[in-house]
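Enquirer: dropping the sequence and predicted coords here.
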Amino acid sequence: MPKIENVNFFDLVYKVVRLIPRGRITSYGAIASYLGSAQSSRMVGWAMNSAHSLTEKIPAHRVVNRNGLLTGKAHFETIDRMQKLLEAEGLVIKNDQIKDFETYFWNPSIELAL
DNA sequence: GTCATGACAAAGA
DNA sequence: TTCTTTGCCATGA
């Protein structure tokens, strides 16, 4: 039996992040949980950090912490970059925090529900 | 080879 | 309630 998905945790993260629809956001924990490692949320963020070296586009701006706070904005080209991208997708950010976060929240465990 | 660190989150004190 | 600790695992020195 060949191994279907012989990929690393990072690869799975990238795959999920790329599936996030426009105008929606999700959290590191949600992704980690979806991947079966609810306690690996740190790796999700770390994957984003490593995503810079990838040629593929990772919509990392759609991934925020569970408070809807743009904690990773500092890792973008400019501090305003992340917020700009989100606002361009119809979201409203207030003090680095997404307004009505729960409304726009995209849960892979549900949206990608098996 | 080992050790430290990282865009988080949940549990304990 | 806030502050501290622990877990996760890949990456770089």
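Expert: Great, that's in hand.

Enquirer: so what sits opposite the residue nearest in space to the middle of chain A in the bridge?
Expert: The centroid of chain A falls nearest to A:Val63 when counting by C-alpha atoms, centre = their mean (2.7 Å). Beta-bridge partners for A:Val63, by DSSP bridges, are A:Thr26.

Enquirer: ok, it to A:Thr55 distance?
Expert: 19 Å (C-beta to C-beta, to the nearest Å). C-betas here are computed from N, CA, C, even on glycine.

Enquirer: try A:Tyr14
Expert: In terms of C-beta to C-beta, A:Tyr14 sits 11 Å off from A:Thr55.

Enquirer: ok, these two, which is more surrounded?
Expert: Neighbours were counted for A:Tyr14 and for A:Thr55 using other C-beta atoms under 10 Å; A:Tyr14 has more, 21 against 4.

Enquirer: any part of the helix or strand containing that one near DNA strand B?
Expert: In this assignment (DSSP states H and E), A:Tyr14 forms part of helix A:9-18. No. Contact between helix A:9-18 and DNA strand B is absent, the nearest approach being 9.5 Å (criterion: C-beta under 7 Å from any atom of the strand).

Enquirer: which parts of that helix count as buried, going by neighbours?
Expert: By neighbour count, and taking 16 or more other C-beta atoms under 10 Å as the criterion, the buried residues in helix A:9-18 are A:9-10, A:12-14, A:16-17.

Enquirer: again, but for stretch A:72-79
Expert: A:72-73, A:76.

Enquirer: for that stretch, what does the pLDDT average out to?
Expert: Mean per-residue pLDDT for stretch A:72-79: 92.

Enquirer: does any part of it sit near DNA strand C?
Expert: No. Using C-beta under 7 Å from any atom of the strand, stretch A:72-79 never reaches DNA strand C; the gap is at least 14.6 Å.

Enquirer: centre of the chain to that stretch, how far?
Expert: Put simply, stretch A:72-79 sits 14 Å off its chain's centre (C-alpha atoms, centre = their mean, to the nearest Å).

Enquirer: no further questions, thank you.
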